[in-house]
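Engineer: Coordinates for the following, if possible.
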Amino acid sequence: MPNPKRRHSHARQGTRRAHDFLVPTQTVDCPKCHEKRLAHSACKSCGYYKGRPVIKVATAK
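Structural biologist: Model prediction:
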């Protein structure tokens, strides 16, 4: 397997790593309870997705 003959400069190393960053997750408001939730997934606080209940959520009292 070939090995590099010279080390890469800091500029070249930074150019290679230009796309290695974290992207924040996309959140939207739940239309039923107005909590933040992940897009295209059921709400964790009320259990609704597309206007109908899909998961059972335990209510804390």
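
Engineer: Spatially nearest residue to residue 54 (excluding sequence neighbours)?
Structural biologist: What sits nearest to residue 54 in space, not counting adjacent residues and going by CB to CB, 6 or more residues apart in numbering, is residue 42, at 5.0 Å. Quick note: C-beta positions are derived from backbone N, CA and C, even for glycine.

Engineer: residue contacts, that neighbour?
Structural biologist: For residue 42, the contact set (CB atoms under 8 Å, 6 or more residues apart in numbering) comprises 48, 49, 54, 55.

Engineer: 10 Å - rerun?
Structural biologist: Listed by CB atoms under 10 Å, 6 or more residues apart in numbering, the contact set of residue 42 reads 30, 48, 49, 50, 52, 53, 54, 55, 57.

Engineer: For stretch 17-30, buried residues please.
Structural biologist: Taking 16 or more other CB atoms under 10 Å as the neighbour-count basis, stretch 17-30 is seen to contain the buried residues residue 30.

Engineer: Provide the contact partners of that stretch at residue level.
Structural biologist: Contacts with stretch 17-30, where a contact means CB under 10 Å, 6+ apart, come from 35-49.

Engineer: So for it, mean pLDDT?
Structural biologist: Mean pLDDT, computed over stretch 17-30, is 92.

Engineer: Just the endpoints, please. Distance across that stretch?
Structural biologist: 36 Å (CA to CA, to the nearest Å).

Engineer: How about stretch 5-25?
Structural biologist: 40 Å.

Engineer: Low-confidence bits of the chain, can you list those?
Structural biologist: Regions of the chain meeting the criterion pLDDT under 70 cover residues 60-61.

Engineer: Run through the helices of it in chain order.
Structural biologist: Across the chain, reading from the start of the chain, the helices by DSSP state H fall at 10-16.

Engineer: for it, which residue is closest to the average position?
Structural biologist: Of all residues in the chain, the one closest to the mean position by CA atoms, centre = their mean is residue 25, 3.2 Å from it.

Engineer: hey, where'd the strands end up in this protein?
Structural biologist: With DSSP state E applied, the chain shows strands at 27-29, 36-38, 48-49, 52-53, listed in chain order.

Engineer: Number of residues surrounding the nearest residue to residue 44 once chain neighbours are set aside?
Structural biologist: Among residues not flanking residue 44 along the chain, residue 37 sits closest, at 6.5 Å (CB to CB, 6+ apart). Counted by other CB atoms under 10 Å, the residues lying close to residue 37 total 19.
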